[in-house]
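> here is my input; please provide its structure:
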Amino acid sequence: MLKRLNHARVARLGYMNLRCHHEPGCPDWIHMDRPGGDLDFFRKPEEIHWRRHIWEEIHPGAPIPPSISGICCAQFAVSRDRIRQVPIERFHHYRNWLMTTSIPDQYSGRVLEYIWHYIFTSHEVYCPAQNSCYCDGYGICFGGLAKYDEYWERQAKRDKEFEELEKYNKEDEDAKEAGTVVERTIRDAIRIEDLKKAIEEADTWLGERRGEAFQRGQSEEERMKETEDWDSSHIMDFMPEGERF
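Numbering: from 1, shown residues only. Below you'll find the model as predicted:
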């Protein structure tokens, strides 16, 4: 990941989450006013801690956003210039909050995880196009959003077929351990062969598309077709006065 990372993208955008896939975290994730009965404790265990008063502690005076959404997991690259645009007093404030908050460490870290993009872009929702992230960020260019989506739809279908085949394989393994044999219907036997063929064909197709994506990514012209860009030189002009410290 680091070897392929396009430093020019990081310099141009100022901040880049190194993870391209939106799930989890985008495009609509943390809601500080969500009723307790609507909380998803499995996928968003930190959301119960993300209440309005926490936002006000971390960002005093800043408007409470309707949603905080950013790609999961706090692995990102940020330019020196962008770091220097953020007053050092804000970093001191974040550190002090992290050291003194009553929220358990397990969740206070996750609270911070979902504001790195806000700290360095001033956007509450920051969900760059996935195909652009791969192409401009790593030189893996599928040829546009439609072809990128087509690849992952085929991958998802292949994974579902593989999961179904694995259930049949598990039945055979369990029967072997028990010293028995699974008696299959003709329909099941045909289905197993169809799954094997479909998976083999999908693996070939996916492999070809990946190879083409890596090859396409070597072309500067092709990378430019999937490159995001915007002027972020004055992002802190939009920072609420209460947050300037």
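
> could you chop the chain up by domain?
As given by automatic domain parsing, the domain ranges for the chain are 7-128+228-243, 141-225.

> count the residues that sit near I88.
Applying other Cβ atoms under 10 Å, we find 10 residues neighbouring I88. All C-beta atoms are positioned from the backbone trio N, CA, C, and that covers glycine.

> just the pLDDT for it.
At I88, the predicted lDDT confidence score is 94.

> also the one 5 residues further on?
Predicted confidence (pLDDT) for H93: 95.

> assign a three-state SS to it, would you?
helix (DSSP: H, G, I helix; E, B strand; the rest coil).

> pick out the shakiest of the domains of the chain, pLDDT-wise.
Among those, domain 7-128+228-243 scores lowest, at a mean of 85.

> make sure G137 is indeed in a strand.
No - remark: G137 does not belong to a strand; assigned using three-state DSSP, it is helix.

> which residues in the protein form strands?
Secondary structure of the chain, counting by DSSP state E: strands at 15-17, 69-70, 76-78, 125-126.

> give me the distance from the last one to the chain's centre.
Relative to its chain's centre, strand 125-126 lies at 11 Å (Cα atoms, centre = their mean, to the nearest Å).

> buried sites along stretch 9-21?
Of all the residues in stretch 9-21, those buried under the rule 16 or more other Cβ atoms under 10 Å are 9-10, 12-20.

> actually stretch 90-100, not the one I typed
90, 93-94, 97.

> reformat the buried residues of stretch 9-21 as JSON lines; add distance to E171.
Output for the buried residues of stretch 9-21, formatted as JSON lines (distance: Cβ to Cβ, whole Å):
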{"residue": "R9", "distance to E171": "48"}
{"residue": "V10", "distance to E171": "49"}
{"residue": "R12", "distance to E171": "53"}
{"residue": "L13", "distance to E171": "50"}
{"residue": "G14", "distance to E171": "53"}
{"residue": "Y15", "distance to E171": "49"}
{"residue": "M16", "distance to E171": "45"}
{"residue": "N17", "distance to E171": "41"}
{"residue": "L18", "distance to E171": "40"}
{"residue": "R19", "distance to E171": "36"}
{"residue": "C20", "distance to E171": "37"}
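
> so what's the closest residue to V10 other than its chain neighbours bridging to?
Closest residue to V10 apart from its sequence neighbours, by Cβ to Cβ, 6 or more residues apart in numbering: A77 at 4.5 Å. Beta-bridge partners of A77, counted by DSSP bridges, are M16.

> looking at it, A77 is touching A8, isn't it?
No - at 11.4 Å, A77 and A8 do not qualify as touching, with contact defined as Cβ atoms under 8 Å.

> more neighbours: these two, which one.
A77 (20 against 11).

> quick check: that one vs G137, distance?
Look at A77 and G137: by Cβ to Cβ, to the nearest Å, they are 9 Å apart.

> quick check: buried residues in the longest helix anywhere in the chain?
Looking across the chain with DSSP state H, the single longest helix is helix 145-177. By 16+ other Cβ under 10 Å, the buried positions in helix 145-177 come out as 148, 151, 155, 158, 161-162, 165, 168.

> again, but for stretch 184-203
Neighbour-count burial for stretch 184-203, with 16+ other Cβ under 10 Å as criterion, is recorded at 192, 195, 198-199, 202.

> can I get it in PDB? Just the C-alpha atoms.
C-alpha atoms of stretch 184-203 as PDB (Å, rounded to 0.1, in the frame of the first residue of the first chain):
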ATOM      1  CA  ARG A 184     -26.800 -36.200  -3.100                       C
ATOM      2  CA  THR A 185     -29.800 -35.600  -5.300                       C
ATOM      3  CA  ILE A 186     -29.200 -35.200  -9.000                       C
ATOM      4  CA  ARG A 187     -30.200 -31.600  -8.600                       C
ATOM      5  CA  ASP A 188     -27.500 -31.000  -5.900                       C
ATOM      6  CA  ALA A 189     -24.900 -32.700  -8.000                       C
ATOM      7  CA  ILE A 190     -25.700 -30.500 -11.000                       C
ATOM      8  CA  ARG A 191     -25.700 -27.400  -8.800                       C
ATOM      9  CA  ILE A 192     -22.200 -28.300  -7.400                       C
ATOM     10  CA  GLU A 193     -20.800 -28.600 -10.900                       C
ATOM     11  CA  ASP A 194     -22.400 -25.400 -12.000                       C
ATOM     12  CA  LEU A 195     -20.900 -23.600  -9.000                       C
ATOM     13  CA  LYS A 196     -17.400 -24.900  -9.700                       C
ATOM     14  CA  LYS A 197     -17.700 -23.700 -13.300                       C
ATOM     15  CA  ALA A 198     -19.100 -20.300 -12.400                       C
ATOM     16  CA  ILE A 199     -16.400 -19.700  -9.800                       C
ATOM     17  CA  GLU A 200     -13.600 -20.700 -12.200                       C
ATOM     18  CA  GLU A 201     -15.000 -18.400 -14.900                       C
ATOM     19  CA  ALA A 202     -15.400 -15.600 -12.400                       C
ATOM     20  CA  ASP A 203     -11.800 -16.000 -11.100                       C
END
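
> all set, thanks.
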